[in-house]
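Asker: sequence plus the predicted model coming up.
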Amino acid sequence: MLHENLSVMIRETVILFSILILFKSVGLGQNQKIIDSLKHQLIIAERIAIQAKKEADRRRYLSLAQSIAESSLEVRDLELSNLLAIQASNFNMKYGGYRYNPKIHHALTKALLKSHRLPAEIQDSPKTSKQILTPTNATFLLSLGNDGVLTRLTQQDEQWRSDFVVKVNTKQKIQALAINDSGDLLAVGGTSGSIEVYNLNNPLQKPEIVNLGSKMIDQIVFSPQEKGFFVLVNKGLQILYCDMKKSKEVVTLKARIVAIGISEDKLHLVGLNIQGFLHVWSLNDFSEGVLTRVMSENAPTVLLSRFRDTYFIGNDVGEIRIITEGYVRRVLWNSTSPITNIQFSHDNKLMAASSQDNSILIWNMEALKEKPIVIPNQDVINGFAFSPDDNFIVFNCSQLSSDSKSMTLRVWPLRCAQMTAMLCGSIKRNLTKEEWEIYVAEDLPIEAICHRE
């Protein structure tokens, strides 16, 4: 269509130019107004033709970027594969392509994997990390290991630092964890029915202990005021409120709740039951509003409240349903495995979801019609979080074998520009003339793959 429009514009320009010559040749030059009008239209037509040609070239380069990315996956030569992945990314960035293009991200991912540049691990991090915690208002992440050691992970550019915070002394098996938004209170619930609350600003202080009796702890969520927390207990049939010292029942249910959370406006406690109903309770008196069924055919697995009156619900067939004011606004799908976790970047522009097939999918919230980028993984993902600058995904994996079980913290870049820079660190040459003509184009000038100072 674009090339047709360009042809029409060029044809119209030629016609205008011919009319202008005709007027001059037949002696009508005295009609200066007609001449000036034709000149003006000719100038406009030329400008439009130039813009159309520029846009046609841009689209051609972006189309080439896609085909070059596909070629990088097909060639067997590792160096050539890397060169093609970088060139695809270069064209995509230079000509204003989609920043999170999944095909180009996939090509760069494969190149980095084959070059053993990914997955990258956080150095000096605990080798027994089992869970990552993300304080909403903090500039760090927290990692809790199987040995009970809590570590603070801080980032400076692309470098990470791991620092000891506190040793969780609970002798019970940990069932649930929660961190408050500021990152200074950690609640740890175990199999013995008690919750220990640690003040991370004063690690030497003994934890507050809230005894819930014989109740089985399923989930802990801090209240908006951070003066207490809610606890989902008894296999999701009861919700308690704890004020750091004692607990009281606030909600009793007939159908099991799979997840609870705080609404984005901080005014409601929300819960999703096994039958697909969304509960909303007022935090003032715990009265329940309208009970809405948001899922009927599949089993819900994850609930996250984000944005006003909007909820993100994962299920057991790999779907994420976006619910706004009780209605399903959109269904995202790129996996057939149950969704295990949903997280948002700090600026709310990216959403990531992990599934039982050990992959992490990342959607751009400003372009949900685009396919997500995929972070592949062969090991079991226990938890993940966005880095403080939102440029990386940090996740912990269980490496299972017949005689041992170890866990590692891994970092994965999200932006194609980062991945291109990583590959360029090992590139020693450009594409040859023959390679350029085969995989790029015969009529385009050869470009340097990696621009160096």
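Answerer: Happy to help now that I have it. Numbering: from 1, shown residues only.
Asker: quick one: the strands in the stretch 101-250 of the chain?
Answerer: Using DSSP state E, counting those that start in this stretch, the strands found in the stretch 101-250 of the chain span residues 120-121, 129-133, 141-145, 149-156, 159-167, 174-179, 185-190, 194-199, 208-211, 217-222, 229-233, 238-242, 247-252.
Asker: quick one: closest of the ones you listed to residue 75.
Answerer: Counting by CB to CB, residue 75 lies closest to strand 120-121 out of these; the figure is 24.5 Å. (Each C-beta comes from the backbone N, C-alpha and C, glycine too.)
Asker: spit out the contact partners of the closest residue to residue 119 other than its chain neighbours.
Answerer: What sits nearest to residue 119 in space, not counting adjacent residues and going by CB to CB, 6 or more residues apart in numbering, is residue 410, at 4.4 Å. Counting by CB atoms under 8 Å, 6 or more residues apart in numbering, residue 410 touches 119-122, 394-397.
Asker: direction included, what does the helix or strand hosting residue 410 pair up with?
Answerer: If you go by DSSP states H and E, residue 410 is part of strand 405-413. Strands that pair with strand 405-413, judged by DSSP bridges, come out as strand 120-121 (antiparallel), strand 392-400 (antiparallel).
Asker: the ones you listed: which one's closest to residue 319?
Answerer: When those are compared for distance to residue 319 using CB to CB, the nearest one is strand 392-400, at 20.8 Å.
Asker: and the closest one with strand 141-145, angle?
Answerer: Relative orientation of strand 392-400 versus strand 141-145 (axes from the mean of the first three to the mean of the last three CA atoms, to 10 degrees): 10 degrees.
Asker: counting neighbours, which bits of strand 392-400 end up buried?
Answerer: Along strand 392-400, these residues count as buried under the neighbour rule (16 or more other CB atoms under 10 Å): 392-397.
Asker: rewinding a little: any chance of the strands paired with strand 405-413 in JSON lines, plus distance to residue 181?
Answerer: Conversion of those to JSON lines gives the following (distance: least, CB to CB, whole Å):
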{"stretch": "strand 120-121", "distance to residue 181": "28"}
{"stretch": "strand 392-400", "distance to residue 181": "19"}
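Asker: report all helices and strands that the host helix or strand of residue 362 contacts.
Answerer: Secondary structure here is read from DSSP H and E; on that basis residue 362 sits in strand 360-364. Under the contact criterion of 3 or more CB pairs under 8 Å, 6 or more residues apart in numbering; DSSP states H and E, strand 360-364 touches strand 350-355, strand 373-375, strand 392-400.
Asker: try 10 Å
Answerer: Here strand 360-364 touches helix 102-114, strand 327-333, strand 339-344, strand 350-355, strand 373-375, strand 380-386, strand 392-400, going by 3 or more CB pairs under 10 Å, 6 or more residues apart in numbering; DSSP states H and E.
Asker: okay, the angle between that strand and helix 102-114?
Answerer: Going by the same axes, to 10 degrees, strand 360-364 makes 140 degrees with helix 102-114.
Asker: any idea what residue 208 is bridged to?
Answerer: Counting by DSSP bridges, the residues bridging with residue 208 are residue 197.
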